[in-house]
Each structure stands twice: as C-alpha cells, then as structure tokens.
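1. only the shape, not the letters, is given here:
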C-alpha cells in the first residue's frame, strides 16, 4: 500500500510543477528524472557509509552531488544551472549505468524559473532511495495520475484487467515473457509479481533468470524511459525494455516467447502502418498486425492474453477474416472474453475483448469458449466509480473449468464448436451470434444514456436580425422536421453571422435527434446531413458505444416513456436531463448490427405489404368506376 506521506509529497511536487509544466505526462517525466538523480546520490552515500566507494556521481561529476546542488550557499540561478548541466552530463558519462543514461537521454528542464525549481527539489529531497515495494507503488501512483488525464491515458491498462489476464495465462519461472507494446510495463511487473507469489522459494539464480526473461518493447522513447524506472523500482536492476518498432523492424523477428501479454495501440496512423513482409496477414491496421506478430512469436506451447478493439472480433474486411481464420484453424485461440465498453474511460470508450491463445489447449479442444463480462467492478461513467457488481471472478472460474475440460453451464458463458464458427467463412468471434435465441432485453447491461453519450441542443438566432437569415447557407432544423425519421433536409437556412451570434451549433451526420417541446415532443430522427438546429431539439452525438441507427431505434422505442416523464401539461417539455436519465441496453456493436438488419427486414415486409394494399385499392377503385361509368 502507498503510504499517505509519500502520496502527499508526489501530489505536492505535481502542484509545484503544474504552472510551468501543465501536461501530466511531462510532470511524470520531470519527477522521474529528479528522483533518479536523488537516488543515485543516495546509493553513493550508502555505499560510503558502509566503507565502500561511490560509483555514480564521481570524478568529473563531483560538482553535481546532491549536497552541492541543494547547498544553501548556492543561489537559485546557480542551482538552476547546476541542475540543467547535471541532466546533460548524466546522459553521457561512462560512470552512469546504461539504464540511467537511457533515463537521462533527452531529459531537459522545460522552464527557467529558479523559485519553481527550488520548491520542486525540496519535495524531491524528502525521498530516500529504498529498493522497496513502496517506491514501486509510489511510481505506480504517479503513472495512474498520468493515465487519468488527457491523451497519456492510452498508455495505461486498468490494473484489475491486467491482473485478470495474468491469472488466466499463469506465467511460470523459466518462461520467456514479452509485452511487444509495453507502455509503462504494467503487464511485465504484474507477471513478475504473480510468479514471485506462486513460486515462493526462488533462489538468487532463479530470481536473476526470471528478471532476464521478462522483456518489453515500445516504439516511444518516453515510454521506454518510464518503463525502465517502473521496473527498476520493482527490483529489476537491469530491466530489459527496448525501444523497438514491433511492426516495421525485423531486428528481433526471430525471437520466440512462452508467454506474450499485450494491450497494443488501437489507433492506426493516417495512411496505415507500412509493415515489413514477414507478417502472415497483409494489413495496414495496427491491431491486426500486433495479433499476427503475437501468434507468430509464440513458442511451441506458448500462451498469450491480448486486449483487442471490437473490430478484430467481427470486421468483415479481408485482413480481419484472414486473421481470425488463422487463429482458429491453426489452433491458437481457445477463449474470447468480451469486456464492458467503458473500461478505458475517461480517455476512450472503445469496446474491447481479450483474446486468449494457448497452443496446448487449442489443440485439445474443438470448441471456443466465449465469456461476456457485463460488469468489471466499476460503473460505465467517465469517473469509473467502483461498485459491487463484478463478473471477472466468475469469468476466471469458467475459463479454468473449460481448461480442465469440464462442462460449462452459465449465462455469461457460451461454448461454440470451431466447425460452427467456420461455417459462414468469416470466422466471426461474437459469442452472441451463435446463441440459439438472443434475449436482447435481458442479456445486456442497462446504462443511463448520459453516462455513455454526449447530448447537446441548438439555438435560434434573433428573428429581428435579418442578416442572420437572409441568403443563409447553413441548414437550420426545427423540431417539427425531426419527424422525417431519416432527416435529409431542412426548410430554413441561417447565415454564418446567425450561427456565431446564437447558441445554434452544427451537428454531425448520424446525430440522433429528439424533439423536446410542444406537439412534436418525443419525435425521434437521425441526421443524414450536417445541420444546425433550434433549441427545441436535443442532439445525441455519435460515439464508439453505439451504431447510430441502433441508437435511433432504441430511443424511438422510448417515445412514450419520454413524454410520460415530461412536464408542461398539454404541451410536453422533455428536458435534456430526462433524456440523459433514461436507461437503455448496451449490446456489443455486432449485436447492434444484427438487430438493425432484423428491423430493416421487417420494414421491407411492411413496405412491400403497403404496396400490395395500394395496388388492390387502385384496382378496386378502377373496377367500381367502370361499373358506375365514372371516376370516384
């Protein structure tokens, strides 16, 4: 556990930096660099107290000893110059171990304010080097701060999800373990802790071998630096984390591993990845290439746990289908665990699953087990508050039962034969697809709309200002037009001036619209063109949680409920708060797609029946007119 004083000091150091270094990731780097500087000096001092010699800050580096840096005889500007010079010298000096040179490489002070540096270094001065779990916990806390703010969060996988995957894969001593996109080394450290806990009598040689067998790659030098510190503070004297582009460099292609654990990047740069030619699957998407890399680098009886975006599970593009076919036909995949959509909040709502690979199990089993984790112990809101609903422990039990060849009978699990999965040719890995009857109304978690979707409303430019309307080119939608269903046009237009001088805003294509006031309240539409709207329309913006048309159908089905909740007497008034508080089901995207297709098939039948009725009505009218000798 992290003690309160250490936590307070870290928070204080960040508070001092925040005015000069607003980016959380940069704050972490500044604190990391300063701590390592201080710890090297601490280790030198401890060695000298025990009758040994200093080995880090020696010879030409003597002027940079921590005592000299913090000397009261030094002015603020002298301390500033000493600190800046020390960072540069530490990255080059042969007296500094390679691991620390990597940490100081490209390190710099992004401000030139002596007062800020003085306050900051006083907080760092409180820390003493102690090769204990507590310092590791302190650094984990620092990384958690980084993950909770801004884009840096993409580098962190939630600790409970890491531990869940480790508990399934069960790494052992003597095995080579890799994370090919290691970020801050969360998987590697958890694997180390797991083995230490389950192999309690490791001798010195076994511990040394264990540390040498745990390896990480990352394309970002910043992430490599953070990984090195994180692992060093978790008792790795020489962490094996390398700056390496897993997808484009062939340098380490021939290596193989007993265990691979990864949460690879979900984002692909514009234009796609340009991989080397050793990949089995021809693709430009990073998630496809990472999964390909992982199964290519498993040893004979290797195992892997990989967090993947939902596209891997069901996308119909050639590369995705080819990847899934290899995983099943060549006996890599044995389980798919569907995770809740919000586990990477607040920085991403992307829906993910865990692919579990094990060559031994996959050869023995002719089936795949699918597990649906609806709750992971935290709510789906941006704050991810902890609650008492958690399917992960039960999911682990079911996976272990399947590994032992036991019969599975549980509502969150489904065992499907590989033959059935292969029948359609797309090797779809959505478990619900293979259920005999999908109970859309009970299987999926219910969420408040406002927890998973952003809503907004429009505005009306002043009618007295003709320049807000004359010769307008911006479509402007009123609530009565929402009843189009698929909203494809507007009757009115406003000018750029009208848009700027009102609360009107342009809503993107696929925004779901709800009319909020008056006779049309409760009408639901979906935008098929970008447009501004008046304030009587609530726009539910598209995101990763829902296929827009599915959300349209779901909200449309709630029309009566919305009106019943509305105030306003004869003229209903449905507020955004009411819309945000309605509960709706949140099935996986593939299931949403299937529901849309089913609804649209029914609609085709209805439309066809209407045409038949209209044809008969025309024939009846013609017949009667003929009888009477005149048109009715």
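-> Here it is on my side, so go on. Not measured: the values here are computed from a predicted model. Numbers count the residues shown, from 1 in each chain.

2. mind checking the longest strand of this structure?
-> strand 298-309 (DSSP state E).

3. helices and strands around whichever helix or strand comes after that strand, which ones?
-> Where DSSP states H and E defines the elements, the next helix or strand beyond strand 298-309 is helix 311-314. Helices and strands touching helix 311-314, by 3 or more Cβ pairs under 8 Å, 6 or more residues apart in numbering; DSSP states H and E, are helix 286-296, helix 318-329, strand 352-358, helix 589-628. For every residue, glycine as well, the C-beta is placed using N, CA and C.

4. if we can go back for a sec, buried sites along the longest strand of the chain?
-> Buried residues in strand 298-309, counted by 16 or more other Cβ atoms under 10 Å: 298, 302-309.

5. identify the farthest-apart pair in those residues.
-> The span of these, defined through Cβ to Cβ, is set by 302 and 309 at 22.9 Å.

6. so what's residue 428 up against?
-> Counting by Cβ atoms under 8 Å, 6 or more residues apart in numbering, residue 428 touches 313-314, 324, 421, 590.

7. so, low pLDDT: which residues of the stretch 401-550 of the chain?
-> Residues of the stretch 401-550 of the chain that meet the criterion pLDDT under 70 lie in 436-443.

8. again, 80 this time
-> Residues of the stretch 401-550 of the chain meeting the criterion pLDDT under 80: 435-443, 518-519.

9. now the strands: where do they sit in it?
-> Assigned strands in the stretch 401-550 of the chain, in chain order: 413-417, 446-448, 455-457, 474-477, 486-487, 492-494, 506-507, 512-515, 524-527, 531-533, 537-540 (criterion: DSSP state E, counting those that start in this stretch).

10. please identify which of the buried residues of strand 298-309 is nearest to residue 409.
-> Distance to residue 409 across the buried residues of strand 298-309 (Cβ to Cβ) is lowest for residue 305, with 24.5 Å.

11. which residues touch residue 574?
-> 514-517, 521-522, 538, 562-563, 565-566.

12. other SSEs contacting the longest strand of the chain?
-> When contacts are defined as 3+ Cβ pairs under 8 Å, 6+ apart, strand 298-309 sits against helix 159-169, strand 257-262, helix 286-296, strand 352-358, helix 359-364.

13. for the ones you listed, give me JSON lines that also has distance to residue 270 and mean pLDDT.
-> What follows is the helices and strands packed on strand 298-309, written out as JSON lines (distance: least, Cβ to Cβ, whole Å; pLDDT from 0 to 100):
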{"stretch": "helix 159-169", "distance to residue 270": "29", "mean pLDDT": "94"}
{"stretch": "strand 257-262", "distance to residue 270": "23", "mean pLDDT": "97"}
{"stretch": "helix 286-296", "distance to residue 270": "12", "mean pLDDT": "93"}
{"stretch": "strand 352-358", "distance to residue 270": "22", "mean pLDDT": "95"}
{"stretch": "helix 359-364", "distance to residue 270": "36", "mean pLDDT": "93"}
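
14. looking at those, which is nearest to residue 99?
-> strand 257-262 (22.0 Å).

15. relative to helix 159-169, how tilted is the closest one?
-> Strand 257-262 runs at 150 degrees relative to helix 159-169, counting by axes from the mean of the first three to the mean of the last three Cα atoms, to 10 degrees.

16. rewinding a little: switch the helices and strands packed on strand 298-309 over to a markdown table; also include mean neighbour count and distance to residue 95.
-> Converted to a markdown table, these look like this (neighbours: other Cβ atoms under 10 Å; distance: least, Cβ to Cβ, whole Å):
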| stretch | mean neighbour count | distance to residue 95 |
| --- | --- | --- |
| helix 159-169 | 19 | 36 |
| strand 257-262 | 25 | 34 |
| helix 286-296 | 23 | 38 |
| strand 352-358 | 24 | 44 |
| helix 359-364 | 16 | 46 |
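
17. on that earlier part again, please produce CSV containing the contacts of residue 574, extended by neighbour count and distance to residue 530.
-> Shown next, in CSV, are the contacts of residue 574 (neighbours: other Cβ atoms under 10 Å; distance: Cβ to Cβ, whole Å):
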residue, neighbour count, distance to residue 530
514, 27, 18
515, 27, 19
516, 27, 20
517, 18, 23
521, 21, 24
522, 22, 24
538, 27, 17
562, 22, 25
563, 14, 28
565, 16, 30
566, 18, 28
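
18. and those residues, which is closest to residue 64?
-> Nearest to residue 64 among those is residue 538, at 60.8 Å by Cβ to Cβ.

19. I figured that closest one was touching residue 507, is that so?
-> No - using Cβ atoms under 8 Å, residue 538 is not in contact with residue 507, being 10.3 Å away.

20. thinking again about what came up before, mind checking which of the strands of the stretch 401-550 of the chain is nearest residue 77?
-> With Cβ to Cβ, the closest approach to residue 77 among the strands of the stretch 401-550 of the chain belongs to strand 455-457: 50.5 Å.

21. and the contacts of the closest one?
-> Strand 455-457 is contacted by residues 449, 503, 505, 507, 516, 533, 535-541, 576, 579-580 when judged by Cβ under 8 Å, 6+ apart.

22. out of the residues you listed, what pair is the most spread apart?
-> Using Cβ to Cβ, these span at most 21.5 Å, a distance reached by 449 and 503.

23. neighbour-wise, which of those two wins?
-> Comparing residue 449 with residue 503 by other Cβ atoms under 10 Å, the one with more neighbours is residue 449, at 24 against 14.

24. now the closest residue to residue 101 other than its chain neighbours: how far from residue 225?
-> Using Cβ to Cβ, 6 or more residues apart in numbering and skipping residues adjacent in sequence, the residue nearest residue 101 is residue 91, 5.6 Å away. Residue 91 is 11 Å from residue 225, where distance means Cβ to Cβ, to the nearest Å.

25. what sits in contact with each of these two?
-> In contact with both residue 91 and residue 225: residue 105, using Cβ under 8 Å, 6+ apart.

26. looking at these two, which has the bigger crowd around it?
-> residue 225 (26 against 17).

27. could you pull up the mean pLDDT of the host helix or strand of the more buried one?
-> Residue 225 belongs to helix 221-232 when assigned by DSSP H and E. Throughout helix 221-232, pLDDT has a mean value of 83.

28. could you list the residues in contact with it?
-> Residues outside helix 221-232 that contact it (Cβ under 8 Å, 6+ apart) are 25, 28-29, 32, 35-36, 99, 102-103, 105-106, 136, 139-140, 143, 155, 182-185, 188-189, 216, 218, 239, 241-243.

29. now, of the residues you listed, which are buried?
-> For the contacts of helix 221-232, buried by 16+ other Cβ under 10 Å: 25, 28-29, 32, 35-36, 99, 102-103, 136, 139-140, 143, 155, 182-185, 188-189, 216, 218, 239, 241, 243.

30. thinking again about what came up before, out of the contacts of strand 455-457, which is most surrounded?
-> Going by other Cβ under 10 Å, residue 533 tops the contacts of strand 455-457 with 30 neighbours.

31. and for that one, nearest residue in space, chain neighbours not counted?
-> Residue 533's closest residue in space is residue 458 (Cβ to Cβ, 6+ apart), at 3.5 Å.
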